[in-house]
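Student: Make a model of this:
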Amino acid sequence: MTLLSAILPRWHFREIHRTTIAASAERVWAAIRQVTPREIRLFDLLMGLRSLPARLLGRAPQRSGLGDQPLLATVLRSGFLLLAEDPQRELVLGTIGQFWKPLGGKPLVLDRPEAFASFTNPGFAKAAMSFHLEAPGENGALRLVTETRIRATSRRALWKFAAYWMIVRPGSALIRRTWLAAIKRRAEAV
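Tutor: Numbering: from 1, shown residues only. Okay, the predicted model is just below:
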């Protein structure tokens with residue numbers, strides 16, 4: 001069982017992407033922690049589209065210098081919490097919010113993984129994302145999997161998130177795939 005499955009065993013929405021990397025687990029794990037938004041193709045464009053409603057209302061968050069900071073650290077500062085980690089095997093992040101709101105819905109501030117697990121207030125969605133490193137295959141390459149799971153806390157939140165997901169899912173999937181590609185490039189660089 002993965003750590004993600006222990007944290008969010010049931011979900012309403014799920015997205016999985018994989019890549020094969022010809023590098024050691026240490027290099028892959030370091031790359032996961034070091035990749036910057038600048039290394040992820042179309043990241044700024046896709047995040048700019050996501051923040052368009054806030055910009056139109058004059059409420060866009062400041063993002064100066066984002067391209068130079070490791071993305072994982074930036075995500076952890078933006079409302080995600082490290083829920084679990086088995087070094088060089090799996091890392092799970094999570095957040096709770098009302099993502100469908102035009103301004104993105106301010107994520108709830110979580111102070112510990114148990115707060116994520118026990119949260120049941122209606123009207124929200126719980127989102128968990130993992131990077132999971134699988135054992136080497138026949139050619140010795142590792143497989144890195146990213147999985148995102150979302151579970152709504154009420155029927156109304158489920159319907160709101162479903163409408164939102166229909167719009168953002170293609171961009172979300174593209175970010176995950178290009179994030180994996182950036183990790184692969186960095187880990188395989190000599």
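
Student: List the buried residues of the helix ranked longest in the chain.
Tutor: In the chain, assigned by DSSP state H, the helix with the most residues is helix 155-188. Neighbour-count burial for helix 155-188, counted by 16 or more other Cβ atoms under 10 Å, picks out 157, 160-161, 164-165, 168, 172, 174-184, 186-187. C-betas here are computed from N, CA, C, even on glycine.

Student: where exactly do the helices run in this protein?
Tutor: For the chain, the helices defined by DSSP H cover 3-7, 25-34, 43-50, 52-56, 71-77, 113-118, 155-188.

Student: Mind telling me which of these the model trusts least?
Tutor: Note on the helices of the chain: helix 52-56 shows the lowest mean pLDDT, a mean of 54.

Student: still on that earlier bit, which strands and helices sit next to the longest helix of the chain?
Tutor: Applying 3 or more Cβ pairs under 8 Å, 6 or more residues apart in numbering; DSSP states H and E, we find helix 155-188 packed against strand 13-21, helix 25-34, helix 43-50, strand 142-152.

Student: Let me have those in JSON lines, extended by distance to Leu76.
Tutor: Output for those, formatted as JSON lines (distance: least, Cβ to Cβ, whole Å):
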{"stretch": "strand 13-21", "distance to Leu76": "20"}
{"stretch": "helix 25-34", "distance to Leu76": "10"}
{"stretch": "helix 43-50", "distance to Leu76": "16"}
{"stretch": "strand 142-152", "distance to Leu76": "16"}
